Structures are given as C-alpha cells and as structure tokens.
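Engineer: need the 3D shape of this:
(chains A and B)
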Amino acid sequence: MNGPFDAKRPHLSDAKKPHLIEAAAPPPAATVVTAKKEPLPFGRGKQAQEAERTLNHIVDDFDDNPQAMQYFYELFRKVYCRGESIAMEGVRIGTTCIHAPEELVYAMGATPVRLCNGSYHYDQIGAEFMPAKSCSLVKATLGMLNSEDPVPRVGKLDLIVNPTTCDQKKKASAMMQDMGHPVFDLELPNVKESEASRVYWRRSVKQFAEAIRGVTGKRLTRKNLRAAIARTQRAERAFRVLDGFRLASPSVFLGKDAFLVVNAYFFDDLDRWCDAVEALNIELKERLGKAVRAAQKKAPRIIFTGSPPIFPNLKLPLLIERSGGVVVSDETCSANRMLYDMTAVDEWLVNDMVDSLADKYLKPCTCPIFTKNEDRRRRLLELVQKFQADGVVYQAFSGCQVYEMEQRSVAKTLNENGVPLLYVETDYSPDDEGQLSTRVEAFLESIKTRKRNRA
Amino acid sequence: MNYFAGLDIGSTAIKVAVVDEDGKLVGVHVTPSGSLFYKNAKEAFETLLAELGIERAQVRYLIATGYGRKLYKDADDSISEITANGFGAHEVGKAFGGVRTIINIGGQDSKAIQIDGRGGVTNFVMNDKCAAGTGRFLDVAARNLEIDLEELGDYHFAATAGPLSINSTCTVFAESEIIGLLAQGHGKGEIISGIHYSIAKRTARLAKKVGLEDRVYFDGGPALNKGLVAALQEEIGREMVVPERPQTTTAFGAAVLARAEFFAERAERLAEEKEAMAQDAIAKAVAAHCDGPQCGPVGCASHAH
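Structural biologist: Here you go, the predicted model:
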C-alpha cells in the first residue's frame, strides 16, 4: 500500500493543511513544523492511501486520458487524498440515496450532498457497530458518519434525508439519529406500479419539501423550483451527451472515467460540475472526429449492473478495463440511474412541478428494492442492444439481499436472449482482487472466443 | 522441430506441458509452487526441457496461466486458467467421446466450467473467497489425521462404518469438528469418507449452478484422490471422466493455445507479406506501363488521376 507513490506524492503531509485553513490561518511556516511533528491520525492515512491507490490506477494504467478529465482527477485528489473541505453554500442536506429529489433542496436555498460511501476504511469502522453480514455500502456510509474524521469533508449537516429503501438503509436511519444527526425519513413505497403507491409517494415528497423548509426557513415557490429544475436539467443534459459518446465503437471514452464523473456529482458544486462535463463533451467530440481510440477495436463491450461502484471502490469496473474490456454503459444508482432520467413538467405550477419530480424519482427507477422489477431486465436488454454490448457484469455486495436475489431473474432473462453474464459477489475489501481478476479475464476471454467463432 | 509450452502457476503446484507441431503432448512436469513463484516456475520449465532434450529456442510460443501468470514475464502471452482448462479438457476429452462440463478442484479454489463443441468457455462459476471444498481443505484434514495426502483414498475405501457427516463448511471450523470426532473415538476411515462427501456435495452444488451437460470432466490435484472421485461420482450421478494426469490439463490447454496462437500469428504475418507483395507488384506494373500524363486508367505514382 505505501511505498512508491508516497515518495512521488507526499500526500500525508498535505493532509494536515485543510485543518489549518479552517482554523483561521496561523503563520504558514509554523504549520509545516507542527504538521511534521504531529503523527497523522491513523484513519486519515488509511482513507487517503486507498483513494490514492484507486486514482493512480484510474490515471496511470491508461494512456492518453482526456485532458478534460484532469478536472475530475484533481477534484478527487483534493477531496479524498488531501482531505480539503468542500465549500457548500447555505444549509447542507445529506442524502443517502438517489431517491431524494435534489431539485427541492436547491429550490429552497440548500445544497445537497450524497453521503453514500465507497471506502473500505469506513466499511471497517462501520463493522465495529453493524452486523457482520450487512452490506459494505451501508457499513461504509455509517462508518464515515460515525468516524472522527469523515471524508469528504462537508462540515456539519443540517439534515440527512434517508429514503426508506432497503431494510439496512431503513434501520440506518435510527443509527444516524443516535449519532446525533437530524434525520428525515423519506417514505418510499415498496411497489411502484400501483396508483396508490404513486399517491403515497407524492405525499412523501411534499413532506420532504416541508422538512427542508423547516431547516432553511424558505418557502417553495414557482420561481425558485423552476430555476432549480433548470439547473439540474442542465446536468442531466450534459450527462446524456456524455452517455452518447459511449455508443462509439471502438470506444472513445472509458467506463472508469464515466463512473468518476458521476461520482463527482455526489459532492461537487452543481454549476462547476456542469461546466466540467460540458468541456469534456467538447473534447470527446473532437476526439471522435479524429478517431482517437480509448480501447482496442476488439475489446469486449460490457454493461455494468448491480450494487453501485462508488469511489474509491471502483475495483470491479477498473479490473474489467485493466483486463482489456470496456464498460460501455451501466445500470447502477451511482451512475446511469442517477442522471439519465429527466424531469418532465406539464404545467409550471408548484404542485404540478412537485408531482412531476415525484414521478421522475419513482417511475423509471430500476432499484431491486421494489417488489416487481421487470423494468430492470427490460432496461438491461435495451442497454445491451443500444450499446452493442457483448456481455453484462453483475456486481452484488455481500449482504445486499435484494441484488443477490434478483440475480436469478436477471440471469434467466439475459440467458434467454443469448447475453453472457458474469455474476460477482464481492465487498469493499481488496483481498479478493486475485480471484476476481481470474474471473473477469476468463469472462472476457470467453467473449472473445465466442466472437471469433461467430466470425 | 518446433514446440509450444503451457505453464500453469497454481497456488499449490506449478505444472508445465509441452506439445509438438501436431499438438501432441510430449511431456509434463509438476512441482510444488513454494513461495518463489517465478524462480520455481522457471526451474520447472527448464527441467522439463532438459528432460525432453529440447532447446529453449525450439519452444516458439509460451503461454502462462494460473494464479502466478502475471509474474512470469518471459511468456509470450498469459491467459486465465479457466480458458486454458476449457481447451485442455476439450482436447483430452475427445478420446472419451467429448466433454461439455468440467469440474476443477484446485489448491485454493474450485470451479465448474461449461464449454462448447470447440473448447470455448460458455459459462463458469467459482467458489467465493473461502477454502471450503478446495484442495486446501483436504490438506488441513490430512494434517489433523496425521496421514499423507496420497493415503486419503485408501482410508476412504477402508472405512469400516458409513461416512460421518461433516457439517462445517468452513475449513477452520471443520478442523475442530474433525478433532471432536476423533475424540469421540471414530475411525480415520469414516472421518475421511465423510470429508470427501462433504466436498463432493459442495462441488456438486457449484456444478449444478453452471448446469451439468453430457459427460463431466474432473481435474485438478484432488482428482488424484480415488475416494473423492467416488464420492463426487455418486453426488453428480453422471458419467465422469478423470484424466490420467488430472493436474496437468490446464497446462496442456495453455500449450494447445500457444500452438494455435503461433500458427494464427504466422498466418496473419504471411497474409500481410503476401498482401504487401501483391501491392508491390501492382505498383511495379503500373510504373512499368507509364507513358507520361496519359498513363492509362489506373495512373502511376507520379501521374495519379
């Protein structure tokens, strides 16, 4: 873990700086001395090393990364490796799932930050007070919230909105409250097809709006909601354009970068994020014109589905692309599911807008927490066809029952349609990388053999 | 004579196989992996070549596979052990009427692989990160019972009572379960056959996930254990093929692939050369017919139309 890149990037000493900035500027010369004398808190080092390792793989294992990706690489170095604070305007609202309508948050003058965490270090902290068989994502998120040194550094949260999705997240709500965080339970129905569930959900969303008003003191108006929808729609548009570049064969843009871009959306300033993605889109258009290739023409094209890859746990997508495959699209809540669907408003009146928002967050969602989920299978087949994919890789975090259970029906559907599937049960721990690489490589090799035989 | 080699660097043993130009196996070598993967693999390879009287230069293509495949930089290519196992079993299985399902138990994992009529992998499953049902499990059990790995089969058939049930799926817990059974006065034979059935049940469950088809090919080091073979046969209830040297199928598969890769690359090169020569000939012909600006419909290098 330590060693080569410690020498290259002295991130451990950098890590102290943000503290000092927050503590209103003591003379810089003295700070360097104290930073060296004081041993670094154990956690910061571990967390930062993990992030550094993933970033090095993302950046150094691939030639000719798009220039515009530098913004995102640097953003993650700043936030995860150097632990710099994230400037959030006004009231800060943490979210633990994509189901919390962020437009409402923006409209009432607050800033959302998605707390879902991907760090093995926090997973282990979470394991100290969570059942051993709970999923890494929930353990890491709670571990981070309970840690003395939570990264990303978003400061004190005024409210955490916790949609009542899977059982583990539901029960996490009370735990977060015990830690001293103010929590709002956003009640989500178990079924999404029925009219009753739609009515129920719309009411929940309105209650959420009330809860935000409780912390910001601002009212939801036609004007501020419309402006907020326009802001997020800009992000959705930029994402759709970016998504379109991934149709190209040979690939012009890799999945590892795509995951990083959407992961940045969790905590980055909305407008700055949009600027960066739009700049990336301009560059990718040029690259496409010049026929710059991000992968070999023969590279197996993979759709990624299942438990969400969240930085720094990009273990599996990275393994696919380091082994010569390309993740051309995904069906996960840390990327595609987060930004693909746009708000469709009929009438620009407050109530209609809120209803349209509620619909956007319920109807197209393919999360396995819903009783029936044919939409997910349909969506996967659609992605396979649209992106000319050769196979699907399905990640299930150990302990994530809903994804583990849905594996069967997804496998059956894909099998019936002749689409190869690799199902991988894993967690945030790096210890199965050797085994996983064998599986991933064998899967990619079998796809290549199949293609050769067909030719 | 040209030769092609496969080097399977596993967690427990290193296996080398060499085939000739016709893809016929000329020799194999098996040695423990130890802790110095690269050094031991290199030595194993050199030992086999010396035994066969083959020069290193005569080995025209070498493919590394297995857990340590990435460490062996002298190889021309590396491939996962699942792909290599598929092609190896396909070749060996021909003599038995063809195989479509492979069960492989290795030192630290077990796999079930489904292949098509050409040896290509169509589906596979692997155990999770756990030693239960792998060679390591047998290793631990043999050590507890103070017998050699090679003796497990004999004890299995010499059992005087029916197989005991071993319920622990975890290798570490199974160890204490075995000690408990010994303390209760059970014989080694019944315990060992119990262990074999426990592994066989686990493996059969894994194999059913991938889907059993046709004959089942069983390989990997533990396939040398006749007791385990008998137990697995019973659990699977299908015709089972156990090769003569079950440890080396994967290395052989890698060697077969090395040969195929060599000829494919050569064919590609020849095709390219031929294409270049043809282009050259056209250019020459065009140049020869050049009569200045009106040099014909094709044009020449200096008078393109």
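Engineer: you'd agree A:Phe253 is in a helix?
Structural biologist: No - per DSSP: H, G, I helix; E, B strand; the rest coil, A:Phe253 lies outside any helix segment and is coil.
Engineer: all helices for chain B, in order.
Structural biologist: Here chain B has its helices, by DSSP state H, at B:37-52, B:81-93, B:135-144, B:152-157, B:171-183, B:188-210, B:226-236, B:249-288.
Engineer: in a markdown table: the ones you listed, plus distance to chain A and mean neighbour count.
Structural biologist: To be clear about C-beta, it is placed using only N, CA and C from the backbone, and glycine gets the same treatment. Listed next are the helices of chain B as a markdown table, based on distance: least, C-beta to the nearest C-beta, whole Å; neighbours: other C-beta atoms under 10 Å in any protein chain shown:
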| stretch | distance to chain A | mean neighbour count |
| --- | --- | --- |
| helix B:37-52 | 12 | 17 |
| helix B:81-93 | 3 | 27 |
| helix B:135-144 | 14 | 20 |
| helix B:152-157 | 26 | 19 |
| helix B:171-183 | 15 | 15 |
| helix B:188-210 | 10 | 22 |
| helix B:226-236 | 22 | 20 |
| helix B:249-288 | 10 | 17 |
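Engineer: mind putting these in CSV, mean pLDDT included?
Structural biologist: As requested, the helices of chain B are arranged in CSV below (pLDDT from 0 to 100):
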stretch, mean pLDDT
helix B:37-52, 95
helix B:81-93, 96
helix B:135-144, 89
helix B:152-157, 93
helix B:171-183, 86
helix B:188-210, 92
helix B:226-236, 95
helix B:249-288, 90
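Engineer: do you know which of those helices lies nearest A:Leu381?
Structural biologist: In terms of C-beta to C-beta, the element of the helices of chain B nearest to A:Leu381 is helix B:188-210, at 22.5 Å.
Engineer: any idea how far that closest one is from the chain center?
Structural biologist: 22 Å (C-alpha atoms, centre = their mean, to the nearest Å).
Engineer: which helices and strands sit right next to it?
Structural biologist: Secondary-structure packing of helix B:188-210 (3 or more C-beta pairs under 8 Å, 6 or more residues apart in numbering or on different chains; DSSP states H and E): strand B:101-105, strand B:110-115, strand B:121-126, helix B:135-144, helix B:152-157, helix B:171-183, helix B:226-236.
Engineer: about what we covered before: quick one, which of the helices of chain B is nearest to A:Lys78?
Structural biologist: helix B:37-52 (39.2 Å).
Engineer: adding distance to A:Gln407, write the helices of chain B out as CSV.
Structural biologist: Shown next, in CSV, are the helices of chain B (distance: least, C-beta to C-beta, whole Å):
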stretch, distance to A:Gln407
helix B:37-52, 34
helix B:81-93, 20
helix B:135-144, 26
helix B:152-157, 35
helix B:171-183, 26
helix B:188-210, 11
helix B:226-236, 24
helix B:249-288, 28
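Engineer: right, and the ones you listed - which one's nearest A:Glu103?
Structural biologist: Nearest of the helices of chain B (C-beta to C-beta): helix B:188-210, 44.0 Å.
Engineer: return the alpha-carbon coordinates of the closest one using PDB.
Structural biologist: Extracted in PDB, the C-alpha atoms of helix B:188-210 (Å, rounded to 0.1, in the frame of the first residue of the first chain):
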ATOM      1  CA  LYS B 188     -10.000 -42.200  10.400                       C
ATOM      2  CA  GLY B 189     -11.700 -44.000   7.500                       C
ATOM      3  CA  GLU B 190     -15.200 -42.900   8.400                       C
ATOM      4  CA  ILE B 191     -14.000 -39.300   9.000                       C
ATOM      5  CA  ILE B 192     -12.100 -39.200   5.700                       C
ATOM      6  CA  SER B 193     -15.000 -40.500   3.600                       C
ATOM      7  CA  GLY B 194     -17.200 -38.000   5.500                       C
ATOM      8  CA  ILE B 195     -14.900 -35.200   4.400                       C
ATOM      9  CA  HIS B 196     -14.900 -36.500   0.800                       C
ATOM     10  CA  TYR B 197     -18.700 -36.500   0.700                       C
ATOM     11  CA  SER B 198     -18.800 -33.000   2.200                       C
ATOM     12  CA  ILE B 199     -16.500 -31.700  -0.500                       C
ATOM     13  CA  ALA B 200     -18.400 -33.600  -3.200                       C
ATOM     14  CA  LYS B 201     -21.800 -32.200  -2.100                       C
ATOM     15  CA  ARG B 202     -20.400 -28.600  -2.200                       C
ATOM     16  CA  THR B 203     -18.800 -29.200  -5.500                       C
ATOM     17  CA  ALA B 204     -22.000 -30.800  -7.000                       C
ATOM     18  CA  ARG B 205     -24.000 -27.800  -5.800                       C
ATOM     19  CA  LEU B 206     -21.500 -25.500  -7.600                       C
ATOM     20  CA  ALA B 207     -21.600 -27.600 -10.800                       C
ATOM     21  CA  LYS B 208     -25.400 -27.500 -10.800                       C
ATOM     22  CA  LYS B 209     -25.300 -23.700 -10.900                       C
ATOM     23  CA  VAL B 210     -23.400 -23.800 -14.200                       C
END
